[in-house]
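> Build me a model from this:
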Amino acid sequence: MALFDAWKKLKDGLSKTRDSLFGKVAQLVNSKSSIDADFLEKLEEILISADVGAGTTQTIIESIKKRVKQEGYESSGELTHLLKDELARVLQATGDAAPGALLLPEGPRPFVVMVVGVNGAGKTTTIGKLAYNYREAGYSVVVGAADTFRAAANEQLEIWAKRAGVEIIQQAHGADPGAVAFDAVSSAMAKKAEVVIIDTAGRLHTKTNLMEELKKIRRVLEKRLPGAPHEVLLVLDASTGQNALQQVKHFTEAVQVTGLVLTKLDGTAKGGIVLAISHDMQTPVKFVGVGEQIDDLQVFDRAAFVDALFEGTEIAT
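Residues are numbered from 1 along each chain as shown. Model (predicted):
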């Protein structure tokens, strides 16, 4: 995807968050001439309403207070640079997934990606888009359909695998998910494929028995290929807001989540959750979904995300 097209999709995808929430920052700037206590209190309310989270918001506000005092900021119009810097700083804490994030690290092949998440988060479509991204980056990809619980799961994933132009390994409905994962890695090793993406059944993070099944799949992958899975991606629906924090906590405890995929950003005004997750959980957001097309999954770019939040507002630079 061309850089301009990717930027436009990100900007358009964040329009609801920007217009309904972060646009309020511009209104605040226009209504106040100086950065005083009342100004900062109102800014705090705006950030919390954007699902940035109380703890993350407090960190941002305290940092702005310190910089106002030390660097001599006075005019509310100077808030743009301050706020954008602080939002970027929060995201930077977990690192920036630059465009090279799709480049496989050195190590054994295949590179195994295990994808987990609750029902309805957009996991299956994310796998299809991720497979497409890896194939477009020049890698051979195998998808393992280890969601054997849901009757239509194989059919849905098969459609996405066909769209992405990648091979799919699957068994009958009700088969052992661990066996499917084992077969997918075995097939990839035999064919010298470079990437394996393992789908898993969507599950509530509060259901102990279902989380135990995820642990089993992880153990099976490790047994078949020592070191696997090399990446465990948790798919989160951006519209769930603060509940996403609990999902990160529970899935990480179960299967050691290494990165997050935030879906449906284009359909929610709660895009600020990206900041809360990065600050509170210290788990990097690696991909964001900004549409329904196969090329609408983007590698997360911290600077571009912050710029898109302010794009078109009266305080944008």
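
> Please, which helix or strand holds Val232?
Element membership of Val232 [criterion: DSSP states H and E] is strand 231-237.

> and that strand, average pLDDT?
When pLDDT is averaged over strand 231-237, the result is 95.

> Just give the strands next to it in its sheet, each with its orientation.
Its sheet considered, strand 231-237 pairs with strand 111-117 (parallel), strand 259-263 (parallel) by DSSP bridges.

> Can you check what angle separates the next helix-or-strand element following the longest one from strand 259-263?
Under the assignment DSSP H and E, the closest C-terminal helix or strand after strand 111-117 is helix 123-136. For helix 123-136 against strand 259-263, the angle by axes from the mean of the first three to the mean of the last three CA atoms, to 10 degrees is 110 degrees.

> what packs against the next helix or strand after helix 123-136?
The helix or strand immediately downstream of helix 123-136 is strand 141-146, counting by DSSP H and E. Judged by 3 or more CB pairs under 8 Å, 6 or more residues apart in numbering; DSSP states H and E, strand 141-146 is in contact with helix 123-136, helix 153-164, strand 167-169, helix 177-190, strand 195-200. Heads up, the C-betas are built off the backbone N, CA and C, glycines and all.

> now what about the third one, what contacts it?
So that's strand 167-169. Contact with strand 167-169 is made by 141-145, 157-158, 161, 180, 183-184, 187, 191, 193, as judged by CB atoms under 8 Å, 6 or more residues apart in numbering.

> just the fourth one next, same as before
If you take CB under 8 Å, 6+ apart as the criterion, helix 177-190 is touched by 110, 112, 114, 142-149, 167, 169-171, 193, 195-196, 198, 200-201, 213, 216-217, 219-221, 223-225, 228.

> do the second one as well
Contacts with helix 153-164, where a contact means CB under 8 Å, 6+ apart, come from 124-125, 127-129, 131-132, 135, 141, 143, 145, 147-148, 167-168, 170, 173, 199, 201, 294.

> Can you give me the buried ones in that helix?
Ala153, Asn154, Gln156, Leu157, Trp160, Ala161, Ala164 (16 or more other CB atoms under 10 Å).

> okay if I get the residues you listed as JSON lines plus distance to Tyr73?
JSON lines is the format used below for the buried residues of helix 153-164 (distance: CB to CB, whole Å):
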{"residue": "Ala153", "distance to Tyr73": "53"}
{"residue": "Asn154", "distance to Tyr73": "57"}
{"residue": "Gln156", "distance to Tyr73": "52"}
{"residue": "Leu157", "distance to Tyr73": "52"}
{"residue": "Trp160", "distance to Tyr73": "49"}
{"residue": "Ala161", "distance to Tyr73": "53"}
{"residue": "Ala164", "distance to Tyr73": "48"}
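
> could those residues go into JSON lines alongside pLDDT?
JSON lines is the format used below for the buried residues of helix 153-164 (pLDDT from 0 to 100):
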{"residue": "Ala153", "pLDDT": "82"}
{"residue": "Asn154", "pLDDT": "86"}
{"residue": "Gln156", "pLDDT": "92"}
{"residue": "Leu157", "pLDDT": "93"}
{"residue": "Trp160", "pLDDT": "95"}
{"residue": "Ala161", "pLDDT": "96"}
{"residue": "Ala164", "pLDDT": "96"}
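
> between the residues you listed, which is closest to Gln247?
Ala153 (19.7 Å; CB to CB).

> Considering the strands paired with strand 231-237, which stretch scores lowest in mean pLDDT?
Lowest mean pLDDT within the strands paired with strand 231-237: strand 259-263, a mean of 92.

> CA atoms of that strand as PDB?
The C-alpha coordinates for strand 259-263 follow below in PDB (Å, rounded to 0.1, in the frame of the first residue of the first chain):
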ATOM      1  CA  GLY A 259       1.900  -7.600  20.900                       C
ATOM      2  CA  LEU A 260      -1.600  -6.200  20.300                       C
ATOM      3  CA  VAL A 261      -3.800  -5.700  17.300                       C
ATOM      4  CA  LEU A 262      -6.400  -3.000  17.800                       C
ATOM      5  CA  THR A 263      -9.300  -3.500  15.400                       C
END
